[in-house]
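J.: requesting a structural model of the entry that follows:
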Amino acid sequence: MLERQTQTKKWHDDRVLQRSRLLAVLEEVRDRVEMHKNIGEQRNNWNSLLLNSVNMITLTAALMAGIASANAAGGDSVTAVKIASTVLLASATAVVALMNKIQPSQLVEEQRNATRLFKQLRNRIEMVLREKREDGISEEDVKDTIKRVICLDKAFPLPLIGTMLEKFPQEFKPATWWPETIPEFTSSRTAVNGWNTELEMEMTEVVEVIKSRDAEEYEKLGNVTLKLNRILAISGPVLTGIAAVSSGFIGHGSGLAGVVATTCASLATVVNTLEHGGQVGMVLEMYRNSAGFFSLLEETIKTERRENGQVFETKVALKLGRSLSELRDLATRSTLSRLHGSAIDECASKLF
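T.: Coordinates of the predicted model:
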């Protein structure tokens, strides 16, 4: 009897300890939410302020280069204008190169996604704390949560030096913010847990559509956007650099230097506005995270064993922006398309 009481007390103390640990993790997750939200707002201001500033500098320098070129014989006053134009264009080249290196709009989107995903994790922890109020929190719950926090920290790093995500990778890759799937439960899907052969086949067809349509589509879009962003990122500094060099030669020989300086400076303004005003980096990050969403959904469908089948089907349908009947119709059309040897003509998701 005494031994049983001792074991019961030990079990109870362990559950209290694990609950306290999970609450500590929850506090850190809440702090991460605020941190990423605040830094995202800061970096959004960076994008706006830097873009406006560099465009004003570039256009002012272009105007000054035009004035200097039109009055090439004006002596010292023209030389002063020419020097000022050259300095402004050289400064604009440095600022544009920095902006293109860090991609502020892409950083903002990273923080937006991090905030959203940390909020999801916060809700998940709060749900575990509510549902396991009686049974108690296990050590596995705590370890799994900590692992998810670490993965999110790696997927959306805050520092700009050292750990910043590569903005111009060789190839487009979906974002990954979840732990490697190592099934902790080897039990099969059964009718007792709401699973049946029909639902298994439905989920298999949904995975096939996601792989063949959604994931492939976003990979294509991501690669196109990556190439466009790389071209714009190179063109901006090159154009302002040419304008700066040309501005230094105004007054020597023909007026061609002034024409080149003003033209390149004007084109640089257009390119910078397209890249940072159009937030091409943000679009790229959006595609990267959308592709990651489909990878995660595909992996979840393949490995899920613990959740009730009907509940899981409802979640999958809503994640794809569909009703249950639409999800089942999609699976049916996918089966028929494969039987006829043709590709299905629609994507699984209606959200993205």
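J.: can we go C-alpha only for contacts and neighbour counts from here?
T.: Fine.
J.: now do the buried residues in stretch 46-58.
T.: Residues of stretch 46-58 classed as buried under the neighbour-count rule (16 or more other C-alpha atoms under 10 Å) are Trp46, Asn47, Leu50, Leu51, Asn52, Val54, Asn55, Ile57, Thr58.
J.: so what's the last one scoring on pLDDT?
T.: Note on Thr58: pLDDT of 93.
J.: just checking, it touches Val87?
T.: No - using C-alpha atoms under 8 Å, Thr58 is not in contact with Val87, being 10.4 Å away.
J.: what is the neighbour count of the nearest residue to Val206 once chain neighbours are set aside?
T.: Across the structure, with C-alpha to C-alpha, 6 or more residues apart in numbering as the measure, the residue nearest Val206 apart from its sequence neighbours is Ala331 (5.8 Å). The local packing of Ala331 (other C-alpha atoms under 10 Å) involves 23 other residues.
J.: I'd guessed Ala331 sits against Ile210; true?
T.: No - distance between Ala331 and Ile210: 10.9 Å, which falls outside the contact criterion (C-alpha under 8 Å).
J.: circling back to that earlier point, most widely separated two among the buried residues of stretch 46-58?
T.: The span of the buried residues of stretch 46-58, defined through C-alpha to C-alpha, is set by Trp46 and Thr58 at 17.7 Å.
J.: quick revisit: which ones are touching the residue nearest to Val206?
T.: For Ala331, the set of contacting residues under the criterion of C-alpha atoms under 8 Å, 6 or more residues apart in numbering consists of Glu202, Met203, Glu205, Val206.
J.: also Val280?
T.: Taking C-alpha under 8 Å, 6+ apart as the criterion, Val280 is in contact with Ser105, Gln106, Thr225, Asn229, Leu274.
J.: which one of those sits in the busiest neighbourhood?
T.: Counting by other C-alpha under 10 Å, Ser105 has the largest number of neighbours within those, with 27 neighbours.
J.: what sits closest to that one if chain neighbours are left out?
T.: Once flanking residues are discounted, Ser105 sits nearest to Met282: 5.0 Å by C-alpha to C-alpha, 6+ apart.
J.: show me what contacts that neighbour?
T.: By C-alpha under 8 Å, 6+ apart, the residues touching Met282 are Ser105, Gln106, Leu107, Val108, Glu109.
J.: 10 Å instead, please
T.: Taking C-alpha atoms under 10 Å, 6 or more residues apart in numbering as the definition of contact, the neighbours of Met282 are Gln103, Pro104, Ser105, Gln106, Leu107, Val108, Glu109, Glu110, Glu275, His276, Arg288.
J.: Leu228 too?
T.: Neighbour list for Leu228: Gly222, Glu275, Val280, Gly281, Leu284 [criterion: C-alpha under 10 Å, 6+ apart].
J.: pick out the most distant pair among the residues you listed.
T.: Gly222 and Glu275 (15.3 Å).
J.: pLDDT below threshold where in the stretch 201-350 of the chain?
T.: 253-255 (pLDDT under 70).
J.: on that earlier part again, what sits in contact with each of Thr58 and Val87?
T.: Any residue near both Thr58 and Val87 by C-alpha under 10 Å, 6+ apart counts here, and that gives Thr93, Ala244.
J.: ok, Arg213 - how many residues close by?
T.: Arg213 has 18 neighbours, counted by other C-alpha under 10 Å.
J.: over to Glu200?
T.: By the criterion of other C-alpha under 10 Å, Glu200 has 15 neighbours.
J.: tell me how far it lies from Leu320.
T.: Glu200 is 17 Å from Leu320, where distance means C-alpha to C-alpha, to the nearest Å.
J.: swap in Lys101?
T.: Shown here: Lys101 relative to Leu320, a distance of 34 Å by C-alpha to C-alpha.
J.: likewise for Glu216?
T.: With the distance defined as C-alpha to C-alpha, Glu216 ends up 16 Å from Leu320.
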